[in-house]
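Could you look at this predicted model? Sequence included:
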Amino acid sequence: MILQGQTSNASMIDAHVYCLPPRLRQADVRLPASERSIQEAIHRHPEGPCALALSAPEAILASMDHSGIQRSVLVAFPWADPELCSQNNDYLLQTATENERFLAICSVQPTSPNALQEVIRVVNAGAVGIKVNPVWQKFALDDPRMDELALAVQSAQAFLMLHVDQPYKSSPASPAMLYALAGKHPGLRILAAHLGGLLGLSALHPPVARTLANVWYDTAVSSTLEIVRWYCQAGLADKVVLGTDFPFNHSHSQKQVVDGIRGLGLAPEQGMAIFKANFSRLARLDVDREVKAQP
C-alpha cells in the first residue's frame, strides 16, 4: 500500500530521520548480543517505546506535515549485525519507492566481508548515501577497512554519513578521525552528523578548510542549536544541512529543530540553504547518478 501524506508548501528536506521495520521498532524485540549499544540507547531507554513508535513511515509523514517538511531522508540504523543492516535497508528502499516524499540512506557494517557488495546493491536500488556509526558497530574511523568503504561509496557516486562524537569524548568516532578520513579521501562527499563534533569551526583555519572542503554537517544537535549560528558565522552556511535525528532527538520532534533554526535570526538565504539547497547539492538530487563501482 502506498503511504499517503499531504504535500507541504514548504520546501525543506530533513536529512536525518530514522525509520525501522515493524519488528525492529518493538521495544521488546529480541536482538543479538552484538546490538547491546543500540538496545541500551534506544529499546531499553525509558522513552524508547514512544520514540520507536514514531519511527514508522506513517508517523514520520504526520510529523513532516506538522513541521512543514517536504521530504525526509530515511536513515537505516547502523546495526552491528550485517543481516540487520540489510533488513533495515530493504525496508527503507521499499518505503522510498512507495512514496516520493522519502529518500533513503542505507547502512553497512564496515567490518563485514560483504560490506562493499552491500554498498553497490543499495545504491543501485536508489540509496543516496551510506551510514556508519563506529560506536554502535564496534570499529574506529581510522580502521583500514574504512578506506575500502570510502572508495566504494565514492565510486558509487553516493555520500558517506558518519556519526561523529563531540571532542570531549574519547571515541572511535572522534572529530580528529573524521578529519584524517577526509584528508585521505578528498573526493569523497561526507555528511558529518551532529555538526561533526564541532570540527567545522576549525575551518576558520584555511589549511583545515581545504581538507574539509567536501564535508557537510547536519544539525542533529537539537538541544544546542545555537551552534548552527556559529557554523554560519564561520562561513559554513553552504555546508550545514537540516537534520533532526527524529524521532530519537531529545524532543522526539522535527518541528522543534525547524523552529529552533528559524529562531536563530539567520539571513534568509542562509535558512534556505540549510533547509534544502545544501542537501540537494550534497546528494546531487538534480544529477542522474550511474553506479560505476563493482565489488
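Thanks, I have the structure now.

so what secondary structure elements neighbour the strand or helix carrying residue 97?
Applying DSSP states H and E as the criterion places residue 97 in helix 82-98. With contacts taken as 3 or more C-beta pairs under 8 Å, 6 or more residues apart in numbering; DSSP states H and E, helix 82-98 sits against strand 71-75, strand 102-107, helix 115-124. (C-beta placed from N, C-alpha, C; glycine too.)

which one of the ones you listed lies closest to residue 33?
Nearest of those to residue 33, taken as C-beta to C-beta: strand 102-107 at 18.8 Å.

And the helix holding residue 97, what's buried?
Neighbour-count burial for helix 82-98, counted by 16 or more other C-beta atoms under 10 Å, picks out 82, 84-93, 95-96.

Stretch 220-232 too?
Going by 16+ other C-beta under 10 Å, stretch 220-232 has these buried residues: 220-222, 225, 227-229, 231-232.

Pull the distance from that stretch to the chain's centre.
In terms of C-alpha atoms, centre = their mean, to the nearest Å, the centre of stretch 220-232 is set 16 Å apart from its chain centre.

average pLDDT across it?
Averaging pLDDT along stretch 220-232 gives 97.

Show me which of the buried residues of helix 82-98 is closest to residue 179.
Among the buried residues of helix 82-98, and counting by C-beta to C-beta, the member closest to residue 179 is residue 85, at 26.0 Å.

so where do the strands sit in the protein?
Ranges of strands in the chain, per DSSP state E, are 13-18, 71-75, 102-107, 129-132, 159-162, 190-192, 215-218, 240-241.

Quick one: those as JSON lines, columns for distance to residue 40 and mean neighbour count too.
Shown next, in JSON lines, are the strands of the chain (distance: least, C-beta to C-beta, whole Å; neighbours: other C-beta atoms under 10 Å):
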{"stretch": "strand 13-18", "distance to residue 40": "16", "mean neighbour count": "27"}
{"stretch": "strand 71-75", "distance to residue 40": "19", "mean neighbour count": "27"}
{"stretch": "strand 102-107", "distance to residue 40": "18", "mean neighbour count": "26"}
{"stretch": "strand 129-132", "distance to residue 40": "19", "mean neighbour count": "26"}
{"stretch": "strand 159-162", "distance to residue 40": "21", "mean neighbour count": "26"}
{"stretch": "strand 190-192", "distance to residue 40": "24", "mean neighbour count": "27"}
{"stretch": "strand 215-218", "distance to residue 40": "23", "mean neighbour count": "27"}
{"stretch": "strand 240-241", "distance to residue 40": "28", "mean neighbour count": "28"}
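
What residues does the residue nearest the centre of the chain make contact with?
Geometric centre of the chain, nearest residue: residue 16, 4.5 Å, by C-alpha atoms, centre = their mean. Residue 16 is in contact with 73, 75, 161, 193, 218, 220, 243-246, counting by C-beta atoms under 8 Å, 6 or more residues apart in numbering.

Out of those residues, which comes closest to residue 63?
Closest to residue 63, out of all of the contacts of residue 16 and judged by C-beta to C-beta, is residue 246, at 6.4 Å.

Name all residues that make contact with the closest residue to residue 270 other than its chain neighbours.
With C-beta to C-beta, 6 or more residues apart in numbering as the criterion, residue 270 has its nearest non-adjacent residue at 4.3 Å, and that residue is residue 237. With contact set as C-beta under 8 Å, 6+ apart, residue 237 has these partners: 231, 266-267, 269-270, 273-274.

Run a quick neighbour tally on residue 204.
Using other C-beta atoms under 10 Å, residue 204 has 12 neighbouring residues.

can you tell me how far the residue lying closest to it once chain neighbours are set aside sits from residue 199?
Residue nearest to residue 204 in three dimensions, not counting chain neighbours: residue 234, with 5.4 Å by C-beta to C-beta, 6+ apart. Relative to residue 199, residue 234 is positioned 11 Å away (C-beta to C-beta, to the nearest Å).

about what we covered before: so which of the helices and strands packed on helix 82-98 is nearest residue 30?
strand 102-107 (20.0 Å).

Closest one of the contacts of residue 237 to residue 131?
Checking those against residue 131 by C-beta to C-beta gives residue 274 as the nearest, at 20.3 Å.
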